[in-house]
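**Student:** Coordinates only, no sequence provided:
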């Protein structure tokens, strides 16, 4: 790969690229994400109008959304009271009365379908180092049928209402009472307790819950039922922390975005048709490619033919050196996503080839406490042909979770990004 | 090794030994330990008279105890109000007005010095499969100076009183409200979260605390301060679960004791001078040997010369296939006890050579979920020369924790036990 220096552009040549990437790495790894509140999306996310619905992935025309992702968008509109039923929701979207947006354009990340509506409570995460803010919706619970997974029915609706009316407000009160919950110490510790913070968040969830309890004890006298219900919800939701890991990773990645000349990847996201990446030095542009195949382990009764794509942005974890990049921290996952210990070690080791550095705080005990491979360099991906490995939940074509597995980001996204950097003379 | 068959004895020959050991293994691994209460030792431990003090290890004459273990015994007498000061305590022990006992003779296990007095709250653990019961004192907290570690001063005394008057009773109430807390699921899960359940109990502690919270929430209105103090104590005590792991392991090991002809080890324990083991088919006899050397990692400012022996029975964990036997589950320990990942894997693998089988519920993710090596067979130890590897906290000669490391049980104990089995014709 040759990077030609062009007179008149500010950052050019390998040395300038390396410096820009080091700065991106520094900002990403020094990020200090703190959960500061839980508030309705429409109240706290800048520019979130009442008729806005966000969804995962590089944005597309409405007609392009299908399957579970389409169902979740329409269901979100009904949940929000923007339409009486799915048909009316569709008509209003066509008429522009309900607007669609891409999560990443609003400081958000979407889990699978990634649907946000104005009244949904969102986790508000401030990066106290970078001064930026990121959001994620609240995890819906352990049941396989959820809006996240492209399912819309009475059960899903009831649960979303309980999150909006009970869990979200109580969680917000607890977090405010605590003056915020720093997430980085929890994440660093969870990596020493078998999480990779994408598919496996079990340790992080109990560590996070542990932080909340003093506030819950203080709230228990005045609102015993609400506190008991919230605690029960957290207890049942073994990967509740996933959405906190996503918001924390989004806050870290965003702080590394917008550095001239940097080839560091700051977002990877999917809609139901495409995989896309954003790169620090290339603004808001998405570099799009085909959806990659997945290899995984399906729940009983399902086959490969059942797997469908419904969008997903939880791979912000991998963007931040977690998830697939930290598989060697989470050997317990082998029974869930179908990998072997040897393959998990190999996956993590391979990611050091395509990242800027090793995370100073996120460390892997098995690798003698080596830092996680962090800050994907698109140039290194193209040079090596090694593409990011991603841990993913698997969805049914008709919605619902049916398993978990791994995928590899498509090379073409990185090739396009590198070409764009070269074309820009950066 | 030859086992000669003698007419007239009930269990003889390799087949009988194997059957007896399989039965011991079955009872040990099928044990279902449940924390059912927390009560003062004198109220709940059979035969625990008000003037009794228990301590760790094979019992010795009073004059043989020295250093931290002696200090802890005398300090326990003062804490209990059996004597005004250490001098009076000593005089009363000499006169037989204060009696000493060995923890293991009372269904108890001792952490380091292992001192029990009548008013100390103890964890009451029932084995719901075997129908037997075991006890352990309550963990004293994270400070390095504790009675457990052979230190007696005003701070230690204050803390023991708080455990007796506040933490113990509140913990007991919480446990009774919950109808007991099953420990096996917590232990199995903690092994998937980086604990080996001897030196590292971090995951088990948060999982156990998580189980208590619903009871604490219910108690919060009536006694907010007590509940807050107890929660804070549990939060600070990152290895609070150690004493539960010990009581659970004691309950499992005791249920495997007393099987005619079995060469399975059912206790390993130290006093300040000796290492000792008990064997299932050999009754209450201790087979004694020298204290083994330790290799470990010392806290800043200490040297090998500072290490002293003050007793210890937490190696009941290894007797139950945990601790050193499960090091490959707890790579995070390398930074604490000074091992390498390679050595930790090797330590666990070597223990399969001297154990009866692989635990059906306690499994190690790194070893593709192989069960932990469980039920030490004294004959296999002698035949292979491989002795049990043990994770241990390290004490200063004058008391106080100064680090952590590993040791190997002395071969002579196992040789004597095998000789005794042969002499008995078993």
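**Tutor:** That came through, no problem. On a predicted model such as this, the values are computed, not experimentally measured, just so you know. Residues are numbered from 1 along each chain as shown, chains lettered A, B, ... in the order given.
**Student:** average pLDDT for the helix or strand containing residue A:35?
**Tutor:** According to DSSP states H and E, residue A:35 maps onto strand A:33-40. The pLDDT scores in strand A:33-40 average 98.
**Student:** That one: partners in the sheet, and parallel or antiparallel?
**Tutor:** Using DSSP bridges, the strands paired with strand A:33-40 are strand A:121-127 (antiparallel), strand A:181-182 (antiparallel).
**Student:** what element comes up after the strand of greatest length in chain A heading to the C-terminus?
**Tutor:** Determined from DSSP state E, the single longest strand within chain A is strand A:355-364. Using DSSP H and E, the helix or strand that follows strand A:355-364 in sequence is strand A:370-376.
**Student:** helices or strands up against that next one?
**Tutor:** Contacting strand A:370-376 under the criterion 3 or more C-beta pairs under 8 Å, 6 or more residues apart in numbering or on different chains; DSSP states H and E are the following elements: helix A:13-30, helix A:341-351, strand A:355-364. Glycine gets a C-beta too; all of them are placed from N, C-alpha and C.
**Student:** Kindly tell me how buried the closest residue to residue A:49 other than its chain neighbours is, as a neighbour count.
**Tutor:** Leaving out its chain neighbours, the residue that sits closest to residue A:49 by C-beta to C-beta, 6 or more residues apart in numbering or on different chains is residue A:99, at 7.0 Å. By other C-beta atoms under 10 Å in any protein chain shown, 12 other residues sit near residue A:99.
**Student:** From chain B, how far out is residue A:99?
**Tutor:** As judged by C-beta to the nearest C-beta, to the nearest Å, residue A:99 and chain B stand 42 Å apart.
**Student:** Can you pull the phi/psi pair for that residue?
**Tutor:** For residue A:99, the backbone dihedrals are phi -100, psi 150 (criterion: degrees, to the nearest 10).
**Student:** residues in contact with it?
**Tutor:** By C-beta atoms under 8 Å, 6 or more residues apart in numbering or on different chains, the residues touching residue A:99 are A:49, A:51-53.
**Student:** repeat for residue A:239
**Tutor:** Contacts of residue A:239 (C-beta under 8 Å, 6+ apart): A:139, A:142, A:199-202, A:205.
**Student:** Keep the residues you listed, but drop any that are not near chain B.
**Tutor:** With C-beta under 8 Å from any C-beta of the partner chain as the criterion, the contacts of residue A:239 include residue A:202 near chain B.
**Student:** one step back: deepest of the strands paired with strand A:33-40, which one?
**Tutor:** strand A:121-127 (a mean of 25; mean count of other C-beta atoms under 10 Å in any protein chain shown).
**Student:** Let me see the mean pLDDT of that one.
**Tutor:** 98.
**Student:** ok, residues contacting that strand?
**Tutor:** Outside strand A:121-127, the residues within contact range by C-beta under 8 Å, 6+ apart are A:31-41, A:44-45, A:108, A:116, A:132-138, A:163-164, A:167-169, A:171-172, A:180, A:183, A:243-244, A:247-248, A:250-252, A:254-255.
**Student:** just to revisit the earlier point, can you name the residues bridging to the residue nearest to residue A:49?
**Tutor:** residue A:52.
**Student:** can I assume residue A:255 is in contact with residue A:27?
**Tutor:** Yes: using C-beta atoms under 8 Å, residue A:255 is in contact with residue A:27, at 4.6 Å.
**Student:** overlap in contacts of those two?
**Tutor:** A:129-130.
**Student:** So what's the gap between stretch A:343-361 and the chain middle?
**Tutor:** 19 Å (C-alpha atoms, centre = their mean, to the nearest Å).
**Student:** ok, now stretch A:408-415?
**Tutor:** That offset, for stretch A:408-415, works out to 18 Å (C-alpha atoms, centre = their mean).
**Student:** And chain B, is the worst-scoring helix or strand of chain A on mean pLDDT touching that?
**Tutor:** Counting by mean pLDDT, DSSP states H and E, the weakest-scoring helix or strand in chain A turns out to be helix A:334-337, with a mean of 84. Yes: judged by C-beta under 8 Å from any C-beta, helix A:334-337 and chain B are in contact via A:334-335.
**Student:** Against which helices or strands is that helix packed?
**Tutor:** By 3+ C-beta pairs under 8 Å, 6+ apart, helix A:334-337 packs against strand A:294-298, strand A:401-408.
**Student:** Repeat the analysis, applying 10 Å as the threshold.
**Tutor:** strand A:294-298, helix A:341-351, strand A:389-396, strand A:401-408 (3 or more C-beta pairs under 10 Å, 6 or more residues apart in numbering or on different chains; DSSP states H and E).
**Student:** right, so the ones you listed: which one is the most enclosed?
**Tutor:** strand A:389-396 (a mean of 26).
**Student:** Tell me where the stretch 101-250 of chain A has strands.
**Tutor:** For the stretch 101-250 of chain A, the strands defined by DSSP state E, counting those that start in this stretch cover A:108-109, A:121-127, A:133-137, A:181-182.
**Student:** Listing partners with orientation, what would you give for the third one?
**Tutor:** Pairing partners of strand A:133-137, with direction, according to DSSP bridges: strand A:108-109 (parallel), strand A:121-127 (antiparallel).
**Student:** Point out the residues in the stretch 301-426 of chain A that sit beside chain B.
**Tutor:** Residues of the stretch 301-426 of chain A lying close to chain B (C-beta under 10 Å from any C-beta of the partner chain) are A:328-335, A:340-342, A:344-345, A:363-369.
**Student:** Sounds good, over and out.
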